[in-house]
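Student: I'd like to go over a predicted model; first the sequence, then the structure.
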There are 2 protein chains.
Amino acid sequence: MQIIREISKIKSKLNELKIDGKIIGFVPTMGYLHEGHLSLIKEIKNKVDIVVVSIFVNPKQFGVNEDLSSYPRDIERDSKLAESEGADFLFYPTEEEMYPKGYQTSVILTELTSGLCGLKRPGHFKGVTTVVLKLFNIIKPDYAIFGLKDAQQVRVIEKMVEDLNLDIKVLRSEIVREKDGLAKSSRNKYLTEEERKNSLILRKSLLYAKKLIEEKEEFDMIIKKVNRYIEASCGSIKIDYFEIVNFKTLIKAEKKDSEILLALAVYIGHTRLIDNLLLNK
Amino acid sequence: MQIIREISKIKSKLNELKIDGKIIGFVPTMGYLHEGHLSLIKEIKNKVDIVVVSIFVNPKQFGVNEDLSSYPRDIERDSKLAESEGADFLFYPTEEEMYPKGYQTSVILTELTSGLCGLKRPGHFKGVTTVVLKLFNIIKPDYAIFGLKDAQQVRVIEKMVEDLNLDIKVLRSEIVREKDGLAKSSRNKYLTEEERKNSLILRKSLLYAKKLIEEKEEFDMIIKKVNRYIEASCGSIKIDYFEIVNFKTLIKAEKKDSEILLALAVYIGHTRLIDNLLLNK
């Protein structure tokens, strides 16, 4: 695996491979790789000739009061992990390389970013779409893969690719969980032992909501019940949002919708965690 | 010359040519071609194997009170002209093809779009950068060419290409003028005979400003003098802006700057015309 830090260098390496007819797969990450990321690498490797993993803790997608400075970083560990999963290139640019002095261009989506995390984290998706478009233009992959834990992000990227006429197939990958059900996340590292125990409420709430849907309960009532369920379970958990949305549009779901997303975000202490459940009819 | 209306079709045609190693040049236009456009086609043809001209009157770059509905259109005449200059493909999409239902993605630049026409035409450059990025992604040209009459547009596109890491060389092409000095524009068609005569004030004011610069006059004083000069020349002309800016940043120029842009926009009757003069040291 080659570790490359310069945009011009990764471009020229990949251009050569593309001329040779190689199919390129891309796994964008913010590093501190866990089994969720590794499963993305594994999954895309089955589809392509060359796997490029990027690690860039993108400052533009963090709010002013968010955890940019404390976000965990460990490039040595990450590069070993990426290599052991079979990544061919690790693109690891500096902030200056990605956003040189005078940088001023952004990509924005309207409807899909107006709710859920987009509402709670203003500017977050503008940062995400901007950096992902830049990375897409640098890597020019045939396939790119994103984990469904960030379900809204998946839809936003899919829509950006469609709207901007990019020739990239966006793959969705299932959420990878700890044995006890907590979705893998670099941010789980922030949790104290006590908080780690309490974090199981995310998965439990979603399964409870799923059960209520199967029992034909009304969505508004399910939302109330899930809120009560979380509040009752642990006083130190603050619900950021719980919503039942149509996965295509991310607006309030109707019973007839074919893909329904149960989306949950909570604060456990100072740590914000998200999880979701995607129901296909 | 092939006229193509579908995105998927022009993509597949051009992909084949790119695989054969052909170099693609791109001339985006809003149609109603005049000698300014034709000189763009001629100029880029010297650099590339295949010339693609697009015609799309992009609704997103017109303000609510602007001339979208009256903007001149003549596809038959345009296609003959483009073909006679040696264009290989005319891409002529419908609005539905470019912005299908649910479309929601935009590209924005901050500093470079905050002054001049960006200030006077809110949303204009957001429309321009969005459609140009889409067209770039569809055509995937090696070279794209833009006329310097829309000087701010040239800088905005250059900066977008740089910021978004696109592999496209943006060429600047000199302003083409009528014999009497009026810059060619599809909007000149709107002018009455009387207004057409008065329109010479644009070029004259710019040459007057240039003379004052050569005489080492202070920029603030030049701006005052040019405003007075235009007001004195004809009561029916309304100055939208006249500014002396650094062409790289589009902010107020200093004498030491190497590329200085004299940028003028006026209303002649209901018609808004722009012109400029680029001074290189």
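Tutor: Yep, that arrived. Residues are numbered from 1 along each chain as shown, chains lettered A, B, ... in the order given.

Student: quick check: A:Lys204 is in a strand.
Tutor: No - A:Lys204 is assigned helix when assessed by DSSP: H, G, I helix; E, B strand; the rest coil, not a strand.

Student: do stretch A:92-104 and chain B meet?
Tutor: Yes - using C-beta under 8 Å from any C-beta of the partner chain, stretch A:92-104 reaches chain B at A:Gly102, A:Tyr103, A:Gln104. All C-beta atoms are positioned from the backbone trio N, CA, C, and that covers glycine.

Student: quick one: contacts for the last one?
Tutor: Residues near A:Gln104 by C-beta atoms under 8 Å, 6 or more residues apart in numbering or on different chains: B:Leu109, B:Thr110, B:Glu111, B:Leu112, B:Lys159, B:Asp163.

Student: restricted to buried residues, select those residues in ChimeraX.
Tutor: Filtering the contacts of A:Gln104 down to the buried ones (16 or more other C-beta atoms under 10 Å in any protein chain shown) takes a single ChimeraX command:
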select /B:109,112,159,163
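
Student: can you tell me which of the residues of stretch A:92-104 next to chain B are in helices?
Tutor: Residues of these located in helices (DSSP state H): none.

Student: how about JSON lines for those, with pLDDT added?
Tutor: Output for those, formatted as JSON lines (pLDDT from 0 to 100):
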{"residue": "A:Gly102", "pLDDT": "97"}
{"residue": "A:Tyr103", "pLDDT": "98"}
{"residue": "A:Gln104", "pLDDT": "98"}
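
Student: out of those residues, which one sits closest to A:Ser199?
Tutor: Taking C-beta to C-beta as the measure, A:Ser199 sits nearest to A:Tyr103 out of the residues of stretch A:92-104 next to chain B, at 36.6 Å.

Student: if I pick that closest one, what's in contact with it?
Tutor: A:Tyr103 neighbours (C-beta under 8 Å, 6+ apart): B:Asp163.

Student: contact residues of chain A facing chain B?
Tutor: Residues of chain A lying near chain B (C-beta under 8 Å from any C-beta): A:7, A:11, A:102-112, A:129, A:133-134, A:137-138, A:159-160, A:163-167.

Student: residue boundaries of the helices in the stretch 151-281 of chain A?
Tutor: In the stretch 151-281 of chain A, the helices defined using DSSP state H, counting those that start in this stretch lie at A:151-163, A:193-198, A:200-214, A:219-233.

Student: contacts for the last one?
Tutor: Residues from elsewhere that reach helix A:219-233, judged by C-beta under 8 Å, 6+ apart: A:198, A:201, A:204-205, A:208-209, A:212-213, A:217, A:237, A:239, A:242-244, A:252-253, A:255, A:264, A:266.

Student: hmm, which of those are the buried ones?
Tutor: Applying 16+ other C-beta under 10 Å to the contacts of helix A:219-233 flags A:198, A:201, A:205, A:208-209, A:212-213, A:237, A:242-244, A:253, A:264, A:266 as buried.

Student: taking those residues together, which two end up most distant?
Tutor: A:Asn198 and A:Ala253, at 27.6 Å, using C-beta to C-beta across the buried ones among the contacts of helix A:219-233.

Student: so which of the residues of stretch A:92-104 next to chain B comes closest to A:Leu81?
Tutor: A:Tyr103 (30.1 Å).

Student: show me where pLDDT drops low in chain A?
Tutor: Nowhere does chain A drop to pLDDT under 70.

Student: what's the distance between the closest residue to A:Leu182 other than its chain neighbours and A:Val170?
Tutor: In this structure, A:Leu182 finds its nearest non-sequential neighbour in A:Ser199, 5.2 Å apart by C-beta to C-beta, 6 or more residues apart in numbering or on different chains. As defined by C-beta to C-beta, to the nearest Å, A:Ser199 lies at a distance of 29 Å from A:Val170.

Student: which one's more surrounded, these two?
Tutor: A:Ser199 (26 against 21; other C-beta atoms under 10 Å in any protein chain shown).

Student: who touches the more buried one in this structure?
Tutor: Contacts for A:Ser199 (C-beta under 8 Å, 6+ apart) come out as A:Leu182, A:Asn188, A:Leu191, A:Ile268, A:Leu273.

Student: now do the contacts for the third one.
Tutor: Residues near A:Leu191 by C-beta under 8 Å, 6+ apart: A:Ser199, A:Ile268, A:Gly269, A:Thr271.
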